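S.K.: Got a predicted structure plus its sequence, pasted below:
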Amino acid sequence: MTAGLATGGAGPSALRGLLGSAHLGPTLAVTVLVALLSGAQGLYAAQAALVVAAVLAGQLSIGWSNDLVDVARDRSTGRDDKPLATGDGSVRAVRVACAVALASTVVLSLAVGVVAGLVHLGCVACGWAYNLGLKSTAWSWLPYALAFGGLTVFVSLADGSMPPWWWPVGAGLLGVGAHLVNVLPDVEDDLATGVRGLPHRLGPRRIAPVAAAVLALASVVVLVGASPPPAAASAVGLVVIALVALVVVGRGRVPFVAAIAIALVDTVLLVVVR
């Protein structure tokens, strides 16, 4: 046990633990997507800043809570990419940061507006529910669908309106696809510790093809809803097809990165034609 874990003190070890346990890739990806949606919605700079800050705080709380909940399981499977499992970070520091992030999420969300704020808090609650147990059930996909779809509603309600139907539908499908591919690198470790979410029940060979189909459907929904000019639609279609292929044939984190890229392409399309 390192000094950081033993004392929960500050310093390089605590900082490594904070950064390494924050799931910075997914956290920043979701935050950027929401920033793009805020631009598509035409939010004022101050509104957009509040929305983005609330989402960033919420995603940080979800990331940190995930590693706190899973620390014993990660240690048992020898996860060397998890600072709290390797002793390269402070559990207490992450707990404090998680609590601060969660409190900030409540304040920032409600500052956007009561109704919009409650919607966002519901999205964050979905992430926490996943961490606290839904990840091990056949309903593991549901928090992703509700949270990703709900974020589009949050952004729209910040401006006092509801989003077009294809925003939450497309985003919900993207969330499910991201969930499926995010599990791929860790399937064996998860199964060894009793985690049996939807991807695990599908089996390693079925996860990527199912994820690819879901992500492709999400892009179809966005293309139908956005109705871009034919040339733009064709270009987006070709890019999405290439990325979907990476989801199927990629290894390690490649399918997840490709899924995030599909989400970014769809969101940029939405921003351009909105």
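M.R.: Received, thanks.

S.K.: ok, now which ones touch Asn182?
M.R.: 26, 256, 259 (Cβ atoms under 8 Å, 6 or more residues apart in numbering). Every residue, glycine included, has its C-beta placed from N, CA and C.

S.K.: pLDDT at it, what is it?
M.R.: On pLDDT, Asn182 comes in at 84.

S.K.: Roughly how far does it sit from Gly78?
M.R.: Asn182 sits 20 Å away from Gly78, going by Cβ to Cβ, to the nearest Å.

S.K.: quick one: which helix or strand includes Ala46?
M.R.: Secondary structure from DSSP states H and E places Ala46 in helix 45-69.

S.K.: outside of whatever helix or strand Val220 lives in, which residues touch it?
M.R.: Val220 belongs to helix 204-226 when assigned by DSSP H and E. Contacts of helix 204-226 with the rest of the structure, by Cβ under 8 Å, 6+ apart, involve 164-167, 169-171, 173-174, 176-177, 180-181, 183-184, 187, 199, 202, 233, 236-237, 240-241, 243-245, 247-250, 255, 259, 262-263, 265-266, 269-270, 273-274.

S.K.: List the buried residues for that helix?
M.R.: For helix 204-226, burial by neighbour count (16 or more other Cβ atoms under 10 Å) applies to 207-208, 210-219, 221-223, 225-226.

S.K.: can you tell me which residues contact Gly113?
M.R.: Contacts of Gly113 by Cβ under 8 Å, 6+ apart are 157-158, 160.

S.K.: Can you list phi and psi of it for me?
M.R.: phi 150, psi 150 (degrees, to the nearest 10).

S.K.: Could you report the separation of it from Ala101?
M.R.: Taking Cβ to Cβ, one finds Gly113 at 20 Å from Ala101.

S.K.: For Gln41, give me its contacts.
M.R.: Gln41 neighbours (Cβ under 8 Å, 6+ apart): 155-156, 158-159, 274.

S.K.: among the residues you listed, which are in helices?
M.R.: 155-156 (DSSP state H).

S.K.: which strands and helices sit next to the helix or strand encompassing Val119?
M.R.: Using DSSP H and E, Val119 sits within helix 114-131. Secondary-structure packing of helix 114-131 (3 or more Cβ pairs under 8 Å, 6 or more residues apart in numbering; DSSP states H and E): helix 45-69, helix 91-112, helix 141-157.

S.K.: where's stretch 131-148 relative to the chain centroid, distance-wise?
M.R.: 12 Å (Cα atoms, centre = their mean, to the nearest Å).

S.K.: Which residues does it contact?
M.R.: 62, 65-66, 69-70, 122-124, 126-127, 129-130, 171-176, 178-180, 194-199, 201.

S.K.: List the buried residues in that stretch.
M.R.: Under the neighbour-count criterion of 16+ other Cβ under 10 Å, stretch 131-148 has 131, 134-136, 140-148 buried.

S.K.: And the residue lying closest to Ala129 once chain neighbours are set aside, how close does it get to Gly127?
M.R.: In space, and not counting its chain neighbours, Ala129 is closest to Pro143: 5.5 Å by Cβ to Cβ, 6 or more residues apart in numbering. Taken as Cβ to Cβ, the spacing of Pro143 relative to Gly127 amounts to 6 Å.

S.K.: shaky segments in the stretch 1-150 of the chain?
M.R.: 1-13 (pLDDT under 70).

S.K.: So for Thr267, what pLDDT did the model give?
M.R.: At Thr267, the model reports a pLDDT of 80.

S.K.: Let the chain start at 24 from now.
M.R.: Noted, 24 is the first residue going forward, which turns the last one into Thr290.

S.K.: which residues in the stretch 174-297 of the chain form helices?
M.R.: Assigned by DSSP state H, counting those that start in this stretch, the stretch 174-297 of the chain shows helices spanning 189-206, 210-215, 221-225, 227-249, 253-272, 277-296.

S.K.: Residue ranges of each domain in the chain, please.
M.R.: With domains defined by automatic domain parsing, the chain comprises 24-163, 187-297.

S.K.: about what we covered before: could you pick out the buried ones from the contacts of stretch 154-171?
M.R.: 85, 88-89, 92-93, 146-147, 149-150, 152-153, 194-199, 201-203, 218, 220-222.

S.K.: Perfect, I'm done here.
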